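Visitor: No letters, just coordinates:
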C-alpha cells in the first residue's frame, strides 16, 4: 500500500514492495498520455492535472483529479508525480533563479515528449554541475530541457523550479489523493 506522511511541509511517499504495477499500465484517455508508446508518463499529463486542480475550488474534486492522475503513474514515477503536483522537485532547491530560468525559455516543442523520469534525471544532472563555468553549463542544460518542452510544460516547469506553482494541491489534499 502507499503511505504518505507530512514532514516539515513536504510530502514523502513510501511504497511497500508488495505492490506490483506494470510499467506499461496507462490510461490512453488521460490528457497528454502517450504511454502506449513508451510505457512512461509524460509531463503533459501532470501539467493537465495541475491545470484542472487549479481550476476548481472543491476539495473533493481536487482529490479525485489528483488520485486519478497518480493511478496512471508507475511505481518509479510516483514520488516524482506527487512532488511535482505538490509544487516541489525531488532534488530540493537547485540554485536556479528566475533570471536564469527566463533566459532559458526559448522555442517550445510542438508536441509533448518529456517523460517524468527524463526530467528527474536531467534535474539530477543539473544539481551535479559544479565548479568553473558551472553557470554557463547549468544555463545550457536548462535551455536543452526547456527546448524539449511545450509552451504549457515550459510554464509549469519554470514555476515548479522556482517554487511558485500555486494550484491548491496542499499537503492534506495530496495525502487524501494518495490514500484514494
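Guide: Yep, that arrived. Everything numeric here is computed off the predicted structure, so don't read it as measured data.

Visitor: Need the mean per-residue confidence for the helix or strand residue 100 falls within.
Guide: Using DSSP states H and E, residue 100 sits within helix 98-104. Throughout helix 98-104, pLDDT has a mean value of 86.

Visitor: Mind giving me the packing neighbours of it?
Guide: Applying 3 or more Cβ pairs under 8 Å, 6 or more residues apart in numbering; DSSP states H and E, we find helix 98-104 packed against helix 134-147, helix 151-161. From N, CA and C alone the C-beta is placed, and that goes for glycine too.

Visitor: let's see it at 6 Å
Guide: helix 134-147 (3 or more Cβ pairs under 6 Å, 6 or more residues apart in numbering; DSSP states H and E).

Visitor: distance from the centroid: which residue in the protein tops it?
Guide: Distance to the chain centre peaks in the chain at residue 132, reaching 29.9 Å (criterion: Cα atoms, centre = their mean).

Visitor: Could you pull up phi and psi at it?
Guide: The phi and psi values for residue 132, taken as degrees, to the nearest 10, are phi -60, psi 130.
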